[in-house]
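Engineer: sequence unknown, structure follows:
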């Protein structure tokens, strides 16, 4: 490891050690040119600050940790872009770990980030997360955390979410107004509150329009294979619905693929509506109707809430829950 | 922050401080049951090891850092899955940062990981990376690094790649044998060696089959918009080729979309072939012919090479370059 010290930099630039130290710490009293000279030379020499001493002072790095179920899901990739744009602008770096929908890996990632003293953590929980102990432990120890999209009950933290109940209600209402009556809901796991809320929105719309006798929910996960399994069940029952409202786009795409395999006409025989507005929903034939979530905005807001807390700034929100607006994108699948 | 110490754990379990310390450090002399008891209690109490002291000893964490151009690209998502499966199995956690194809952000992420003392770093360079100084500096300082897919010249490190030249040659050879003569190559940026090699493979195949007069290369980036721009140029020229060989799938999809907009029949008027085998290539109509890269295997191999170096194990490779096999997946677009 490098043996270059602040002293070496100071002597090469013929300035004081204290000036180098303050320049490296971005102290306001130091001129920008000096900061640049110090930083350039530090980079050139491969100077590595004594992060141990630095950590002792600041107790944290400038990394923001993000834990998501999976990075390949376009929704999360967009949230991460929003987080990055805020974070890098404010001088933080962003590291991402995926839980792969596994609560154990979620906990390992969380603890690893904590031990490596990230400045704060942004989380969207896994579909197997049923308890909040592993989060609570760190929050009680002073770790700043903000939850987004998939939040968790009973934690006194900031959350950035959408109104899943209302968005789902409006999507189903749209289907009913288009003339669909027999609408099946391919639901997600009930421990995820977003899934429960989307299911309740579906049930409320069906009930409000006197279609409670048509309510049918098939429960599964949040992935394409779950949509395939859901469609499979419907095909096996020999009793196809007029429309499918899926908990998210991967599930909608799975159902879409499986029905197409059996030459079911979409929307002629079965209408399909998803949730997220993944780019793939636009490319399939016919393109899918879906609920657009403001993923990028969600990432930005979550990062801002986290950084404001890290930096001890005031946050002007009436509640700790920030709800963002969604939009129904009507395409040819309905 | 937590004030729990090793002493608290030792006294609660009625064992010595040294036993607790060795248990937490996974020392072979300590019984597995003891390790479990210590670890469970440490978790329960929210014990946070004095990572500063720990870092002073070990000089690194158990995190493996991964820097990729973008996590949403299915190819990289699959590589990361392979990395994770090896890393978590061996007791490491994985953190990912994206460069967003920006060499500046690549350098910021690299330095941030270095400063936070990751155990090692896996890198696939950005399309704007033309120099290797920022890598060389860390490598000279003893940081273990393995490059994958998009490697960089002039660095004495392990690399896990595919044979881009040969894979590209075979893809173009296939097109020629199908009867296509006028084949355009939508190429990537020349500073990425994978792009140069794919272009050379295209040119060699064309030359070997006496089609050197038909060689036409349109240079661009690695994204969908670059494919759209490439197709736009071809449409404007009024001189469409019989087939397009794209540097990767996003570029192929971009060209595909743009040509479809003008009602060009694929493969009737123009055949298209991509590179990566992204899932989307299977869903579009018609599905795209493409070169399948062993992304998951690439991630596994890269992680193994890195961890073996971190742990000082012997590596039995004749050269530092590990080449993985690709496969041409023929679908209806050609």
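Structural biologist: That came through, no problem. Predicted model only: the values in this text are computed from it and were never measured.
Engineer: Next, residue A:121: secondary structure please.
Structural biologist: Reduced to three states with DSSP: H, G, I helix; E, B strand; the rest coil, the structure at residue A:121 is strand.
Engineer: Can you name the residues bridging to it?
Structural biologist: With DSSP bridges applied, residue A:121 shows beta-bridge pairing to residue A:65, residue A:145.
Engineer: Give me the pLDDT value at residue A:171.
Structural biologist: According to the prediction, residue A:171 has pLDDT 97.
Engineer: The closest residue to residue A:70 other than its chain neighbours: neighbour count?
Structural biologist: Nearest residue to residue A:70 in three dimensions, chain neighbours excluded: residue A:98, at 5.3 Å (C-beta to C-beta, 6 or more residues apart in numbering or on different chains). From N, CA and C alone the C-beta is placed, and that goes for glycine too. A count of nearby residues for residue A:98, using other C-beta atoms under 10 Å in any protein chain shown, gives 26.
Engineer: May I have the phi/psi pair for residue A:98?
Structural biologist: Main-chain torsions, residue A:98, degrees, to the nearest 10: phi -110, psi 140.
Engineer: So it sits against residue A:66, correct?
Structural biologist: No - using C-beta atoms under 8 Å, residue A:98 is not in contact with residue A:66, being 9.4 Å away.
Engineer: Residue A:280: how many residues sit nearby?
Structural biologist: Counted with other C-beta under 10 Å, the neighbours of residue A:280 add up to 22.
Engineer: tell me which residues of stretch A:165-174 are tucked away?
Structural biologist: A:165, A:167-174 (16 or more other C-beta atoms under 10 Å in any protein chain shown).
Engineer: got it, and stretch A:71-88?
Structural biologist: Neighbour counts over stretch A:71-88 (16+ other C-beta under 10 Å) mark A:71-88 as buried.
Engineer: Could you confirm whether that stretch reaches chain B?
Structural biologist: Yes - contact between stretch A:71-88 and chain B is present through A:71-72, A:74, A:77, A:80-81, A:84, A:88 (criterion: C-beta under 8 Å from any C-beta of the partner chain).
Engineer: Next, format those as TSV and append pLDDT, secondary structure and distance to residue B:192.
Structural biologist: Below are the residues of stretch A:71-88 next to chain B laid out as TSV (pLDDT from 0 to 100; DSSP: H, G, I helix; E, B strand; the rest coil; distance: C-beta to C-beta, whole Å):
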residue	pLDDT	secondary structure	distance to residue B:192
A:71	91	coil	22
A:72	86	coil	22
A:74	88	helix	24
A:77	93	helix	22
A:80	97	helix	23
A:81	95	helix	22
A:84	96	helix	22
A:88	92	helix	23
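Engineer: and the residues you listed, which two are the farthest apart?
Structural biologist: Across the residues of stretch A:71-88 next to chain B, the longest distance by C-beta to C-beta is 22.0 Å; it joins A:72 and A:88.
Engineer: Skipping adjacent residues, who's closest to residue A:279 in space?
Structural biologist: Spatial nearest neighbour of residue A:279, chain neighbours left out: residue A:74 (6.1 Å); criterion: C-beta to C-beta, 6+ apart.
Engineer: List the contacts of the one you found.
Structural biologist: A:249, A:276, A:278-280, A:295, B:72 (C-beta atoms under 8 Å, 6 or more residues apart in numbering or on different chains).
Engineer: what's residue A:70 sitting at in phi/psi?
Structural biologist: According to degrees, to the nearest 10, residue A:70 has phi -160, psi 140.
Engineer: any idea how far residue A:12 is from it?
Structural biologist: Separation of residue A:70 from residue A:12 (C-beta to C-beta, to the nearest Å): 47 Å.
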